[in-house]
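Please work out how this folds:
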Amino acid sequence: MKKLAIIVLFSLLCGSYLYSQQYDDLQARSLSNDKLKQFPGPEGGKNYFFLQSIDDKTQIVIGDFTGVDKKIILITLNPDYNTIRSVVEYNPVRKEMRLRKTSDSKFFTTDIEKLKRDIITGAIYKGNNAGKMKSYDDLESIFKINDISKITIETFGFNVKLAEVDETSKLSGAFSFGNATNGYYLQFKTLYYRENPRVEVAPPLRYSVYSRDTHDPVIKEYVEKLFKIRKPTADYVR
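Residues are numbered from 1 along each chain as shown. Next comes the predicted model:
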């Protein structure tokens, strides 16, 4: 029985890892309408919001499961990064996809700049039945105090780790940002958050922001804001 329990536990752990890895891979590649079918549905009960900008193509995914009509929304922006080119809704319950001009989701807005900022700062996660995603304030606070145990300098930017205060070896989130040869990158990853001191929760999507090789002005603004604190140079850590 003990051996069987170990095998079952190992299988569950592997399944959880592969589940997370599947969505990580999905989020790190340019999105398409068909890929909406691969995003997590309403089973976890939490809404989610995801900002992606790869090779200057900015898109936003909203998982809105608050009403009877469950939907995953993909907003694709024009090359100006600020106006909407297309809106696609996928109903994961009925397996239906619709091309829309707008959406009746309460989270949908044509104020794209505000929507992007709310995802980066984490404002949109508060009071909207969403996970407690690691956001800009978490990153900035670690970066400001120059905690070298959590910060790794790179040629074009930084990697920053977020851990529990009393469990410093246990990673709860990770950030990456910089300005590389082909454009800016900004990435926020949440491995888990706490509902209360005893309960850890893994979010449906681990990335809330994933961008690389982009000149999206909002992404650029937040990276440059961090660079005002410290730039990625060889003299960074002494």
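
Following the chain onward from the helix or strand of the chain with the lowest mean pLDDT, which element is next?
In the chain, no helix or strand scores lower on mean pLDDT, DSSP states H and E than helix 2-27, which sits at a mean of 50. Heading C-terminal from helix 2-27, the first helix or strand you meet, by DSSP states H and E, is strand 48-54.

contact partners of that next one?
With C-beta atoms under 8 Å, 6 or more residues apart in numbering as the test, strand 48-54 has contacts from 27, 29-31, 40, 58-63, 81, 107, 116, 118-120, 124-125, 130-131, 203-205, 207-214, 216, 219. The way it works is simple: take the backbone N, C-alpha and C, and place the C-beta from them, glycine included.

Buried residues, the longest strand anywhere in the chain. List them.
The longest strand of the chain (DSSP state E) is strand 171-180. Of all the residues in strand 171-180, those buried under the rule 16 or more other C-beta atoms under 10 Å are Ser172, Gly173, Ala174, Phe175, Ser176, Phe177, Gly178, Asn179.

and the first one, what is it in contact with?
By C-beta under 8 Å, 6+ apart, the residues touching Ser172 are Lys134, Leu162, Ala163, Glu164, Thr190, Leu191, Tyr192, Tyr193.

now do the last one
Counting by C-beta under 8 Å, 6+ apart, Asn179 touches Phe156, Gly157, Tyr185, Val223, Glu224, Phe227.

please redo it, this time with the cut-off set to 6 Å
Counting by C-beta atoms under 6 Å, 6 or more residues apart in numbering, Asn179 makes contact with Phe156.

Look up how far Lys106 lies from it.
35 Å (C-beta to C-beta, to the nearest Å).

For the residue nearest the centre of the chain, pull up the helix or strand it's in.
By C-alpha atoms, centre = their mean, the chain has its centre lying nearest to Ser208, at 1.3 Å. Element membership for Ser208 (DSSP H and E) is strand 207-214.

can you list the residues that contact the following helix or strand past that strand?
Note on strand 207-214: by DSSP H and E, the next helix or strand toward the C-terminus is helix 217-227. Contact with helix 217-227 is made by Ser53, Lys116, Ile120, Phe177, Tyr184, Leu186, Ser211, as judged by C-beta under 6 Å, 6+ apart.

biggest separation within the residues you listed, which pair?
Lys116 and Phe177 (15.0 Å; C-beta to C-beta).

Just give the closest residue to Lys57, not the sequence neighbours.
Ser30 (6.3 Å; C-beta to C-beta, 6 or more residues apart in numbering).
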